[in-house]
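Novice: Sharing a sequence plus its predicted fold:
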Amino acid sequence: MIQVFDIHKRFGDLEVLKGVSLRVARGEVVSVVGASGAGKTTLLQILGTLLRPDSGRVEIDGREPFALGDRELSSFRNERIGFVFQFHHLLPEFTAFENVCIPGFIGQRPRAEVERRAAELIALLGLAARRDHKPAQLSGGEQQRVAIARALINSPAVLLADEPSGNLDSRNRDEIHRLFFELRDELGQTVVIVTHDEGLAAMADRKIVMSDGLIL
């Protein structure tokens, strides 16, 4: 699903990635760990096409996103990549259901199709009773599940998560951790998770350790 070949990334005089190569199989849950400054989030941002590498090649689901023009790349990102961050970034004026629908509408998919998919995801994630609540009326764990449903609305090839449970209490953290593996088992979802949580990292199908811009 993901192939990365010898990517380098520099910010000014600081070389953050120093020749990283990586493969992630379809339906695999991979964790990426390492000390702060190891290059984990930069790698994730390149996989998510939010940053361009200075050199090297990235393939996602058989395509090279950085060979696309800006408009095509934006469409590719919306359709093929889902993002989950430590802070959920839900829009406060919209309900849980409406927040989940938004990327589908941005992708100009038919309204009925988007709303049907949103209802399925909300039910799958145990939020059916909360679908018409706004974010301020939801717990932290519920908000993060809404964010995950939103990330899945366009049936992305890859789900990328950056410290997805870092802002949650232990009970909600454990629920979110289990959810990623349920998504793998039920949807065949490919997931890459950057985390400092060793428990979550150990649960993954494979743990990748980074240090000083390299995979160890």
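Specialist: Nice, thanks for sending it over.
Novice: residue closest to the middle of this protein?
Specialist: The residue lying closest to the centre of the chain (CA atoms, centre = their mean) is Leu160, at 2.1 Å.
Novice: State whether it is indeed within a strand.
Specialist: Yes. Leu160 forms part of a strand when assessed by DSSP: H, G, I helix; E, B strand; the rest coil.
Novice: Quickly list what it is bridged to.
Specialist: Beta-bridge pairing of Leu160 under DSSP bridges involves Phe83, Val192.
Novice: check contacts around it.
Specialist: Leu44, Leu47, Gly48, Ile81, Gly82, Phe83, Val84, Val191, Val192, Ile193 (CB atoms under 8 Å, 6 or more residues apart in numbering). In short, each C-beta sits where N, CA and C put it, glycine included.
Novice: what's the average pLDDT for the top helix by length along the chain?
Specialist: Across the chain, the longest stretch assigned as helix under DSSP state H is helix 170-187. Over the span of helix 170-187, the pLDDT mean works out to 78.
Novice: Please shift the residue numbers so they start at 624 in all later answers.
Specialist: Sounds good: first residue 624 from here, last item helix 793-810.
Novice: Can you tell me the closest non-neighbouring residue to Val707?
Specialist: Using CB to CB, 6 or more residues apart in numbering and skipping the chain neighbours, the partner closest in space to Val707 is Ala784 (4.2 Å).
Novice: same check, this time on Ala759
Specialist: Spatial nearest neighbour of Ala759, excluding adjacent residues (CB to CB, 6+ apart): Pro715 at 6.3 Å.
Novice: Pretty sure that neighbour sits against Lys757.
Specialist: Yes. Using CB atoms under 8 Å, Pro715 is in contact with Lys757, at 6.4 Å.
Novice: Make sure Phe706 is actually in contact with Gly671.
Specialist: Yes. The pair Phe706 / Gly671 is scored as a contact, 6.1 Å apart, by CB under 8 Å.
Novice: Give me the more crowded residue out of those two.
Specialist: Per other CB atoms under 10 Å, whichever of Phe706 and Gly671 has more neighbours is Phe706, with 22 against 18.
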